[in-house]
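Chemist: give me coordinates for this.
(4 chains)
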Protein chains: 2
Amino acid sequence: MSVSVINYHRVMGRWEPNARGRLTQAALELYVERGFEQTTVAEIAKLAGLTQRTFFRYFSDKREVLFWGSAQLQELLVRTVLNAEESAAPIIAVASAIEAGAELLQERRQGALLRHRVISANRELQERELIKLALLGEAITDALRQRGVPEIAARLSAETGITVFKIAFERWIVESKPREMKAIVDELLNELKVVTGEI
Amino acid sequence: MSVSVINYHRVMGRWEPNARGRLTQAALELYVERGFEQTTVAEIAKLAGLTQRTFFRYFSDKREVLFWGSAQLQELLVRTVLNAEESAAPIIAVASAIEAGAELLQERRQGALLRHRVISANRELQERELIKLALLGEAITDALRQRGVPEIAARLSAETGITVFKIAFERWIVESKPREMKAIVDELLNELKVVTGEI
DNA sequence: ACCATGATGTCAGCGACTGACATCGCTCCG
DNA sequence: CGGAGCGATGTCAGTCGCTGACATCATGGT
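Modeler: Numbers count the residues shown, from 1 in each chain, chains lettered A, B, ... in the order given. This next block holds a predicted model:
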């Protein structure tokens, strides 16, 4: 039984700072310890020194607390696509974005691991993860369109990129002695070229 | 205001046949008329001449009633992959499966259209759709492995195929004068080859 | 000191979902 | 033919996610 990093509920007044951060950390702790389903929102809020009602003011639902970072990831990928060399083919722009995302996750391996463990133990959370990835795909499609890429190519490049990102992440998490995630991405891209070459 | 095709609740005894079918039809009707969120499970059950409790005996949750057919689709795609020519490259086996799936949907355009309209109006339903597609991808990956395809190629081929299937379906639904869905699939596969050729 | 404002708390309520137990109709066995 | 067994359905009570309405508390400016 791990000792809680936070223990605010005894000492905190109503206006302690960083309510969102406390809620996030409390939720992650409880989800890891007991699992997502076995944790109630009231418990999370109590551990963070707040009430259930306040939890729902910060997060639209019980799952969303685990996905707050995805906006940042999306912002990074979109920016990287937009900043790619003008001459770069769509799939190349997307590849560079994926690699940038891989680096971001690499810096937070510990958190990413915990988060992934929680998510992969629960179906509802997997659903949420998938829709976040789908939204990421739409955002990248938009970015490619802004680069003048035609609709179909944009959509296919973006969605294919998301697929590679997802598979790379899973393999990276699972590897006992982890390579750089970028290496995995490159391996997958090469294999993708081979596979689709058969069409 | 459309007239309900079903109106069992006045006349039906406890053991009328096809409870699952009645629930499915009642749910689709109400979801179309009022939207998913504005429909309660109790209302669905009542329209089908049953109780809420019975609804949850047939469907694990309120969303699942719209996804009962996905098992059949999955069965078809997996079978098609397994039956593909032994010499066919993985992506080719997957392509033939997608085209078989396209034909299946084609036969049910009306229902598919209704269903898609309901799903695209609601985020929770989109989440469920995405996880069903992900499971479909896993099933196809398995089928490819059984054909002796190495892990990475199997996964990439399957997931890429799912992407193509998803995009093809969306375009097919949206087109005012619909082509054969197979034609759309072929167009996307060609474009995919071009796009990934740049890697 | 006072007041506007934003963050938080309190309370009541709906609806999804579940477990436990009762009831109904059918089938089959004696 | 009657009752036992059984599967499908109903009933009831309860938990939890989530929301709207309103009260309350600190803080900054006047």
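
Chemist: C-alpha only now, for contacts and for neighbours.
Modeler: Will do.

Chemist: wait, what's in contact with the residue of chain A found nearest chain B?
Modeler: For chain A, the residue closest to chain B is A:Glu127, as judged by Cα to the nearest Cα, at 5.2 Å. By Cα atoms under 8 Å, 6 or more residues apart in numbering or on different chains, A:Glu127 lies in contact with B:127-128, B:130-131.

Chemist: ok, the residue most central in space within chain A to DNA strand C distance?
Modeler: In chain A, the centroid-proximal residue (Cα atoms, centre = their mean) is A:Ser70; its distance is 4.6 Å. Relative to DNA strand C, A:Ser70 is positioned 21 Å away (Cα to the nearest atom of the strand, to the nearest Å).

Chemist: all strands of chain A, in order?
Modeler: Counting by DSSP state E, chain A has no strands to list.

Chemist: quick one: name the residues of it near chain B.
Modeler: A:89-92, A:126-128, A:130-131, A:152-153, A:156-157, A:159-160, A:163-164, A:188-193, A:195-199 (Cα under 8 Å from any Cα of the partner chain).

Chemist: restricted to helices, list the residues you listed.
Modeler: Among the residues of chain A next to chain B, the members found in helices (DSSP state H) are A:90-92, A:126-128, A:130-131, A:152-153, A:156-157, A:159-160, A:163-164, A:188-193, A:195-196.

Chemist: ChimeraX command for the buried members of the residues you listed?
Modeler: Buried members of these, defined by 16 or more other Cα atoms under 10 Å in any protein chain shown, are picked up in ChimeraX with:
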select /A:90,91,92,126,127,128,130,131,152,153,156,157,159,160,163,164,188,189,191,192,193,195,196
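
Chemist: can you give me the pLDDT of A:Asn7?
Modeler: pLDDT, A:Asn7: 47.

Chemist: should've said A:Thr54
Modeler: pLDDT recorded at A:Thr54 is 98.

Chemist: which non-adjacent residue is nearest it?
Modeler: Once flanking residues are discounted, A:Thr54 sits nearest to A:Ala45: 7.7 Å by Cα to Cα, 6 or more residues apart in numbering or on different chains.

Chemist: ok, that neighbour to A:Pro178 distance?
Modeler: To A:Pro178, A:Ala45 is 35 Å away according to Cα to Cα, to the nearest Å.

Chemist: which one's more surrounded, the two?
Modeler: Legend: neighbour count by other Cα atoms under 10 Å in any protein chain shown for A:Ala45 and A:Pro178, higher for A:Ala45 (23 against 11).

Chemist: distance of that one from DNA strand C?
Modeler: Distance of A:Ala45 to DNA strand C, computed by Cα to the nearest atom of the strand: 8 Å.

Chemist: for A:Glu33, see how far away that residue is.
Modeler: From A:Ala45 over to A:Glu33 the distance is 16 Å, taken as Cα to Cα.

Chemist: and chain A, what are its domains?
Modeler: As given by automatic domain parsing, the domain ranges for chain A are A:8-64, A:67-196.

Chemist: so which of these has the densest surroundings on average?
Modeler: Among the domains of chain A, ranked by average contacts under mean count of other Cα atoms under 10 Å in any protein chain shown, first place goes to domain A:67-196 (a mean of 18).
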